[in-house]
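A.B. asks: Have a look at this fold, sequence not included:
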């Protein structure tokens, strides 16, 4: 007969509560795995959606000899903001029968608009804030195919005549190639993700090995009636398989049900459509087969070095030592990272030695922490042994008797701490790489201050009458040429390059930021000293739009220097060498700095009062930064959510393992109680038995993370700091999670520790 | 004299420092009911386990039908336990998750019988041992006496030549104990199977054809009925 079939029947007929509990645990881990594996395809789906509606202009295709479509469609896109969310408006002029972008059934005509559902809702709830930017009657909504996500604010607005910079569309969709992140970033991200996913795999393995004592009874009974060791192992493996398959089936269901809400956890501001959160076929196949396989392997491995005798089941292996050699792999891993740090200029990441050291060092450190866990647990036991009290003595003795058993329980959590610490350290790189707005500038600018490009004939008086507006400061830029500058030579020395200049009143700028910046009623101020500076008293030329010298002005004999606060110079407000009052030099291409009362309504009403191009360009410094900040904050949130989930899963795993261990030790616990040991002492010893190895391992993990992060950041960044605060919180969260999970099992100590249990045995 | 079915010669077995068997020798004839008696720790259960091939002695030999048992591989000894040997222990040793009929059918299924056939034969044995009414119950849902009768059925279902019973009534009251013994002895004799019975109760030992007293890991006396 098929031993596997018997095993399957045993699993199905055996303790169904256990099977259900195991399957539920595996289900949630499978759902978590599928969600994590679906995040990258979701990002790709979003890129595909963006690409599908991107325009390919007739001009760009002309060189390839493609004829322009017979029915013309011209589109001009504007990207702006609405209540901290990106807003895109596409002005459209289309002939009947012209090519449609995805998500649109027809183009809006003059006076019409087709908008995304999220924008339609915004228009309904705040009609006075958007009608300037999304003019016309809403005649339809853009369907999902034409949107990046459910929360995206997107509009097609019909125009009678093409906008000034509109492009004639040849086709939609450029079939982009998604750009890959740098190798070191990908390696770091994968290591972090792996660390967070490990507890999930640990739970799968743990869940399928529950109730070792009842399993032992079953296996010895089977051996007694003649099952060979191989058959007994196959039966055990089949049981694991059932739990794995049931867990995968349940996990698919849980994922299917929860993936909608899970989309909200992904770091994309425009949201993710549930149907986009689908792991790739390879990932699904890996989970479908990998989890049951893991369950089978775990069941088989759990019987390794176990003698399955008809008289009972016993472990043949001696309790493993926890020698200090176990620290060698983690030390080697860290050593490799240190070597990389010392030689990163010769072997940068991306070169074979650099990548090998980074990947090998990081991976070995992660693996090494798991290997080192028994040694660190033993250290915890020894420290515990020094404490007075019976409970600490009992706990220390238990740890010392089998440090590997203690380590097995806490390893998942320790790896979570390391992975989270690692991710927290390298995530700011994303921010540093993408945020170009100085933090100090963001802090300086009052809330509700907009910077907008100006347009000719703008009605400033009308703008100032918008409710909630406080001030409007026009700011311009001009390019000045130093003496000796000539326009007929393309190879001018650096000191003869034209110099940008900010045209604004000094008092106006000072009033904006409510600070004394050193204004002295002068008309020209020096902002910064540059080589070959525009000298006082000299005549300079002003470049016109054609790049030729137009107007000439003489600089004053005395040019005071402004002491601008850090962050203001070279910001979107002030840049260049000089600050010149508009009375001295009229501005061109000017922008507006508009202050409001800071309310979202006032900001949006101001935007809506501006001409479309200015309105769409109007943004607060926070919004200018937020595109990048959102990415960083999104990833940070994803890491936090991953950390919380990993801690929850790790805690669940730990709780069931602890409960099972307590149940297995019920005889010795009952004996101790029979001898007169108070239950509270036993409960405390169980808690300490968990806490001591955890603390030493967590400290070890944080130390390893500090060294690894310092090396990694030292290789990739010029300036960096280690997030000690975040690490402390992570460690605290892990320790609390473990203690709470252990505390949850303490009532079991009281239940199984009754002396009557000795008779029942 | 009939050729012995089981023979043990000069068996020695120690668990660490403690010696469990020290030169035990014994023969079991076909169809014979043999009781091993002795005080706790005398080595009678260890001897039974060695005779059944569950334990392998440190020294000495065990022969079953003339062939060395103690040098067989674990797989071959497992095969013997499936077909030629049956077991009844103090606590039924039933697989807790299986029903009575599935427990009884287990040796047959492990030997390759189809489930339907195996369970049909198992049910016959349960009827014979008057526990057919608990056929679909699990071990935890039966009384001790019922559990032991199910264990007896499981020991006999494959038609063994030897049944090893280690304190089979140890956890039962006297009435249930006698009922189980009556059924075990009756069914075994009907099949022509030998029984090796470990007990410390003279009342139970009285069912045997021969009683052997074990003391300090060796035979101390033999009483023939």
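C.D. replies: Looks like it came in fine. The model shown is predicted, which means the values in this text are computed figures rather than measured ones.
A.B. asks: Give me every residue in chain B lying close to chain A.
C.D. replies: Selection of chain B residues close to chain A by Cβ under 8 Å from any Cβ of the partner chain yields B:49, B:54-55, B:74-75, B:78-83, B:85, B:87, B:89, B:93-99, B:102, B:106-107, B:109-115, B:154. No exception for glycine: its C-beta is placed from N, CA and C like everyone else's.
A.B. asks: which element is whichever residue of chain B sits closest to chain A on?
C.D. replies: Nearest residue of chain B to chain A: residue B:82, at 2.8 Å (Cβ to the nearest Cβ). Residue B:82 is part of helix B:74-83 when elements are defined by DSSP states H and E.
A.B. asks: Of all the residues in that helix, which ones are buried?
C.D. replies: B:74, B:77-83 (16 or more other Cβ atoms under 10 Å in any protein chain shown).
A.B. asks: show me where the stretch 651-761 of chain A has helices.
C.D. replies: Ranges of helices within the stretch 651-761 of chain A are A:666-674, A:679-716, A:724-752, A:756-760, based on DSSP state H, counting those that start in this stretch.
A.B. asks: Just want the most central residue of the chain.
C.D. replies: Just so you know, I chose chain A. By Cα atoms, centre = their mean, chain A has its centre lying nearest to residue A:635, at 1.2 Å.
A.B. asks: wait, I meant chain B there
C.D. replies: Central residue of chain B (Cα atoms, centre = their mean): residue B:164, 1.5 Å from the mean position.
A.B. asks: Show me the shaky parts of chain B.
C.D. replies: Residues of chain B that meet the criterion pLDDT under 70 lie in B:1-2, B:92, B:97, B:223-225.
A.B. asks: any idea of the mean pLDDT for the helix or strand that contains residue A:157?
C.D. replies: Following DSSP H and E, one finds residue A:157 within strand A:153-158. Mean pLDDT, strand A:153-158: 94.
A.B. asks: Summarise which helices and strands whichever helix or strand comes after that strand is packed against.
C.D. replies: Following strand A:153-158 in sequence order, the next helix or strand is strand A:167-172 (DSSP H and E). Helices and strands touching strand A:167-172, by 3 or more Cβ pairs under 8 Å, 6 or more residues apart in numbering or on different chains; DSSP states H and E, are strand A:55-57, helix A:58-62, strand A:73-82.
A.B. asks: lowest-confidence stretch among those?
C.D. replies: helix A:58-62 - the lowest mean pLDDT of the helices and strands packed on strand A:167-172, at a mean of 75.
A.B. asks: buried set for that helix?
C.D. replies: Applying 16+ other Cβ under 10 Å to helix A:58-62 flags residue A:58 as buried.
A.B. asks: all strands of chain B, in order?
C.D. replies: Assigned by DSSP state E, chain B shows strands spanning B:6-15, B:18-28, B:33-37, B:59-64, B:67-68, B:85-89, B:162-166, B:194-198, B:210-215, B:218-224.
A.B. asks: List the buried residues for the last one?
C.D. replies: Neighbour-count burial for strand B:218-224 flags B:218-219 (criterion: 16+ other Cβ under 10 Å).
A.B. asks: distance between that strand and the chain's centre?
C.D. replies: Strand B:218-224 sits 20 Å away from the centroid of its parent chain (Cα atoms, centre = their mean, to the nearest Å).
A.B. asks: ok, and what's touching that strand?
C.D. replies: Here strand B:218-224 makes contact (Cβ atoms under 8 Å, 6 or more residues apart in numbering or on different chains) with B:21-26, B:38, B:43, B:209-214.
A.B. asks: go on, the first one?
C.D. replies: When contacts are taken as Cβ under 8 Å, 6+ apart, the neighbours of strand B:6-15 outside the stretch itself are B:19-28, B:46-47, B:50-51, B:55, B:57-64, B:69, B:162, B:194, B:196, B:217.
A.B. asks: Likewise for the shortest one?
C.D. replies: Outside strand B:67-68, the residues within contact range by Cβ under 8 Å, 6+ apart are B:61-62.
A.B. asks: let's see 7 Å
C.D. replies: residue B:61 (Cβ atoms under 7 Å, 6 or more residues apart in numbering or on different chains).
A.B. asks: what pairs with that strand, and is each one parallel or antiparallel?
C.D. replies: The pairing partners recorded for strand B:67-68 under DSSP bridges are strand B:59-64 (antiparallel).
A.B. asks: where's the strand it pairs with relative to the chain centroid, distance-wise?
C.D. replies: 18 Å.
A.B. asks: Would you mind getting the angle between that strand and strand B:162-166?
C.D. replies: 130 degrees (axes from the mean of the first three to the mean of the last three Cα atoms, to 10 degrees).
A.B. asks: Any buried residues in strand B:59-64, and which?
C.D. replies: B:60-64.
A.B. asks: that older thread, quick one: the residue nearest to the centre of chain B and residue B:52 touch, right?
C.D. replies: Yes: the pair residue B:164 / residue B:52 is scored as a contact, 4.7 Å apart, by Cβ atoms under 7 Å.
A.B. asks: quick one: common contacting residues for these two?
C.D. replies: Between them, residue B:164 and residue B:52 share these contacting residues under Cβ under 7 Å, 6+ apart: residue B:85.
A.B. asks: What number of neighbouring residues does residue A:731 come out with?
C.D. replies: Other residues within reach of residue A:731, judged by other Cβ atoms under 10 Å in any protein chain shown, total 20.
A.B. asks: Can you get me a residue count around the closest residue to it other than its chain neighbours?
C.D. replies: Counting by Cβ to Cβ, 6 or more residues apart in numbering or on different chains, residue A:698 is the residue found nearest to residue A:731 once chain neighbours are left out, at 5.2 Å. Using other Cβ under 10 Å, residue A:698 has 25 other residues around it.
A.B. asks: now the one 10 residues further on
C.D. replies: For residue A:708, the count of nearby residues is 27 (other Cβ under 10 Å).
A.B. asks: Report the contact partners of it.
C.D. replies: Neighbours of residue A:708 in contact, by Cβ under 7 Å, 6+ apart: A:334, A:337, A:362, A:365, A:422.
A.B. asks: Report the mean per-residue pLDDT for the longest strand seen in chain A.
C.D. replies: Ranked by residue count and defined by DSSP E, the top strand of chain A is strand A:469-481. The average of the pLDDT scores along strand A:469-481 is 86.
A.B. asks: just checking, what packs against that strand?
C.D. replies: Contacts defined by 3 or more Cβ pairs under 7 Å, 6 or more residues apart in numbering or on different chains; DSSP states H and E place strand A:469-481 against helix A:460-464, strand A:499-503, strand A:539-543, strand A:588-596.
A.B. asks: Now for the closest residue to residue A:744 other than its chain neighbours: which residues touch it?
C.D. replies: Distances taken as Cβ to Cβ, 6+ apart put residue A:655 closest to residue A:744, at 5.5 Å, once the chain neighbours are dropped. By Cβ under 7 Å, 6+ apart, the contact list for residue A:655 reads A:741, A:744-745.
A.B. asks: Give the buried subset of the residues you listed as a ChimeraX selection command.
C.D. replies: Only the buried entries of the contacts of residue A:655 go into this ChimeraX selection, using 16+ other Cβ under 10 Å:
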select /A:741,745
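A.B. asks: of the contacts of residue A:655, closest to chain B?
C.D. replies: For those, the nearest to chain B is residue A:745 (23.2 Å; Cβ to the nearest Cβ).
A.B. asks: my guess is residue A:279 meets residue A:36, correct?
C.D. replies: No: applying Cβ under 7 Å as the test, residue A:279 and residue A:36 come out as separate, 8.5 Å apart.
A.B. asks: first vs last residue of stretch A:536-551, how far apart are they?
C.D. replies: Stretch A:536-551 has an end-to-end distance of 18 Å (Cα to Cα, to the nearest Å).
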